[in-house]
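*Asks:* Let's see this in three dimensions:
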Amino acid sequence: MATVSDTGKKRFADLVRLHAQKAKFITREQEIKLLEEGLNRYDMSLADSRNIVRGVADEMSVTLERDVDSAATAILRGFASKHRNRIRKGEFEQAVAFYRVQAENSLSDAEIRRRLKTIMENNDWKPKRAGVLVRSRRWYRSIKAD
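*Replies:* Okay, the predicted model is just below:
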């Protein structure tokens, strides 16, 4: 016989599935709201809520923002390690393309660039100068940060 907590877990998993059908990319804010639902409405632990969100995401091939951020950080770390903690414009563009594909085209290029710039700033990675005649970091400074 199913216990109340088993029923709650199944209902919460159904809620996450319903949410996952709307979009193939779950942002950090959406994930936090889902976790809060699991904690408050379904009286589950944070670990149980996280496991259900992760399991449903894997089951339905939905991407979580935190996973994409982790992978993008690893990619940028690899680029930065080649050039004394500096990232070239072309490498940054490769990271943007990666993020776009992983996010299922659900974010604008400006938003992706902003997120990657935040990752670079959090890790103290600097942009490398780019340009044919005048080499500058304008390509990086032009990205609007919050």
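*Asks:* contacting residues for the most centrally placed residue in the chain?
*Replies:* Computing the C-alpha centroid of the chain and ranking residues by Cα atoms, centre = their mean puts E65 first, at 2.4 Å. Remark: with contacts taken as Cβ atoms under 8 Å, 6 or more residues apart in numbering, E65 is in contact with F25, I26, T27, R28, E31, A103. To be clear about C-beta, it is placed using only N, CA and C from the backbone, and glycine gets the same treatment.
*Asks:* For the third one, which non-adjacent residue is closest in space?
*Replies:* The one in question is T27. Excluding the flanking residues, the one nearest T27 by Cβ to Cβ, 6 or more residues apart in numbering is E65, at 4.8 Å.
*Asks:* that older thread, now the buried members of the contacts of E65.
*Replies:* Neighbour-count burial within the contacts of E65 applies to F25, I26, T27, E31, A103; the criterion is 16 or more other Cβ atoms under 10 Å.
*Asks:* wait, the fourth one sits on R66?
*Replies:* Which is E31. Yes: using Cβ atoms under 8 Å, E31 makes contact with R66 at a distance of 7.1 Å.
*Asks:* tell me what the lowest-mean-pLDDT helix or strand in the chain is packed against?
*Replies:* Least confident helix or strand, the chain: helix 4-22 with a mean of 87, by mean pLDDT, DSSP states H and E. In this structure, helix 4-22 packs against helix 28-40, helix 46-59, with contacts taken as 3 or more Cβ pairs under 8 Å, 6 or more residues apart in numbering; DSSP states H and E.
*Asks:* In it, which residues are buried?
*Replies:* Neighbour-count burial for helix 4-22, with 16+ other Cβ under 10 Å as criterion, is recorded at G8, K9, F12, A13, L15, V16, H19, A20.
*Asks:* And stretch 137-146, by the same measure?
*Replies:* Result for stretch 137-146 [16+ other Cβ under 10 Å]: buried residues W139, Y140, I143.
*Asks:* any idea of the mean pLDDT for that stretch?
*Replies:* Confidence for stretch 137-146, expressed as mean pLDDT, is 86.
*Asks:* next one: it to chain centre, how far?
*Replies:* Put simply, stretch 137-146 sits 20 Å off its chain's centre (Cα atoms, centre = their mean, to the nearest Å).
*Asks:* Contacts for that stretch next, please.
*Replies:* 89, 92, 110, 113-114, 117-118, 121, 127-131.
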